[in-house]
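Peer 1: Return a 3D structure for these sequence lines:
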Amino acid sequence: MPSTSTEQDDQLRELIPRLRRFALWLTRDVHAADDLVQSTLERALSRWASRRGGDTLRSWLFTILHRRFIDGQRSAKRHARLLGSLREPDEAHWPSAEHMAATRSTLNAFGELSAEQRGLLLLVVVEGFSYQEVADLLDVPIGTVMSRLSRARQALRQLSDGKRPAPLLRVMK
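Peer 2: Down below sits the predicted model:
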């Protein structure tokens with residue numbers, strides 16, 4: 001815990017661009033991403049004294065952001081059911097990849113992944129979290145992180161090649 005509020009402000013200010021980038025890929029909307037980051041920072045500041053000493057500030061903030069995003073998604077689904085309008089959320093329109101480099105194609109494919117897959121890839125590949133840190137952040141076993149990451153990478157490869165990944169089937173008992 002920082003000894004002064006100036007140190008606290010500096011630490012938070014330094015992490016805002018990373019939080020914003022992660023929120024932007026989760027929400028796919030600049031305004032929603034800004035709202036999510038603001039909500040995350042408000043939550044962090046209001047709970048600063050209850051922060052566990054073992055948590056790094058970065059991990060703690062990303063955990064808060066991810067949970068706020070998931071809670072918002074669940075809340076939106078509940079409201080949609082209550083209103084009886086189960087329309088799909090508007091998808092972002094990504095530019096055509098026909099005349100662009102392979103990098104652009106991969107970026108477009110990345111945009112087609114599910115929010116869970118995008119978030120997982122961003123945490124590991126872009127933000128540099130270890131598998132264990134991601135497992136702690138998402139509150140799932142490390143094996144789950146590894147298998148989800150493998151499926152996300154496979155889906156990204158297929159989408160980059162212009163193929164649609166097969167939907168995941170769940171065994172129902």
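Peer 1: List the buried residues for the helix or strand bottoming out on mean pLDDT in the chain?
Peer 2: Among the helical and strand segments of the chain, the one scoring lowest on mean pLDDT, DSSP states H and E is helix 102-112, with a mean of 74. Within helix 102-112, the residues that count as buried by 16 or more other CB atoms under 10 Å are 105, 108, 109, 110, 111, 112. No exception for glycine: its C-beta is placed from N, CA and C like everyone else's.
Peer 1: Kindly report the same for stretch 119-135.
Peer 2: For stretch 119-135, burial by neighbour count (16+ other CB under 10 Å) applies to 119, 120, 121, 122, 123, 124, 127, 129, 133, 134, 135.
Peer 1: Return the member of these nearest to residue 18.
Peer 2: Within the buried residues of stretch 119-135, proximity to residue 18 (CB to CB) peaks at residue 127, which comes in at 6.4 Å.
Peer 1: Excluding chain neighbours, what is closest to the closest one?
Peer 2: Ranked by CB to CB, 6 or more residues apart in numbering and with sequence neighbours excluded, the top spatial neighbour of residue 127 is residue 18, at 6.4 Å.
Peer 1: Quick one: neighbours of the one you found, just the number.
Peer 2: The tally of other residues near residue 18 (other CB atoms under 10 Å) stands at 18.
Peer 1: where's the most centrally placed residue in the chain, which helix or strand?
Peer 2: Averaging the C-alpha coordinates of the chain gives a centre point, and the residue nearest to it by CA atoms, centre = their mean is residue 119 (3.2 Å). With the criterion set as DSSP states H and E, the secondary-structure element containing residue 119 is helix 115-121.
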